[in-house]
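In: When you get a sec, could you give me coordinates for this:
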Amino acid sequence: MSENFDSLERIVRSLYNLAIETPISMTYRLPEWMLIPDGNKNPPITILETPDIQVMMVVRAWFADLTLCIAIGAEDVARYQFFCRADINIRSSSYKFGNGNEDPSFEGFLGEAVVASQAVLEE
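Out: Have a look, this model is predicted:
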């Protein structure tokens, strides 16, 4: 279990032939029976740093069908982060979620936050 975040990211970028500038989000989901009481309402676990990979590898040792999922590109990564209620950073702009009572409409979010940065997304 010597895998670290940087090496996993390099492997993914190499596998999909992605430039370093291409935003990606790496996630996995625990088996459904472990997601009690909310089941599939729980968001996948986002891999943000090396300890997240270590936890995933321990879980994978017991559940061989554990799948690593990758969101590729600014819009897909932003969409995933929005649905997980994660704060989103696009260059120097940050989009923060407050207490979770925001309008769950991604289109509304795009209209207010991301469309203003359309040029950044297209980059």
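In: And this structure, split by domain according to the record?
Out: Following automatic domain parsing, one finds the domains of the chain at 1-72, 75-123.
In: just so I have it, where are all the helices in this protein?
Out: Ranges of helices in the chain, per DSSP state H, are 5-15, 50-62, 74-83, 106-109, 118-122.
In: mind checking which of those helices is nearest residue 31?
Out: Nearest of the helices of the chain to residue 31, taken as CB to CB: helix 50-62 at 8.4 Å. (Glycine included, C-beta is placed from N, CA and C.)
In: least trustworthy helix or strand in this protein by mean pLDDT?
Out: helix 106-109 (a mean of 44; mean pLDDT, DSSP states H and E).
In: thinking again about what came up before, what's the most buried one of the helices of the chain?
Out: Burial of the helices of the chain is given as mean neighbour count (mean count of other CB atoms under 10 Å); helix 74-83 ranks first at a mean of 18.
In: ok, residue 33 - contacts?
Out: Taking CB atoms under 8 Å, 6 or more residues apart in numbering, we find residue 33 in contact with no residue.
In: Would you mind measuring from it to residue 63?
Out: For residue 33, the distance to residue 63 equals 10 Å [CB to CB, to the nearest Å].
In: Specify the beta-bridge partners of residue 70.
Out: Residue 70 has these beta-bridge partners by DSSP bridges: residue 26.
In: Let me see the contact set for residue 62.
Out: Taking CB under 8 Å, 6+ apart as the definition, residue 62 has no contacts.
In: Where among the domains of the chain is average confidence lowest?
Out: Lowest mean pLDDT within those: domain 75-123, at a mean of 58.
In: Now do residue 38 against residue 32, distance only.
Out: In this view, residue 38 and residue 32 are 11 Å apart by CB to CB.
In: whoops, I mixed them up, residue 73
Out: Distance from residue 73 to residue 32, by CB to CB: 28 Å.
In: And residue 19, by the same measure?
Out: 35 Å.
In: Look at the two and report which has more neighbours.
Out: residue 32 (10 against 6; other CB atoms under 10 Å).
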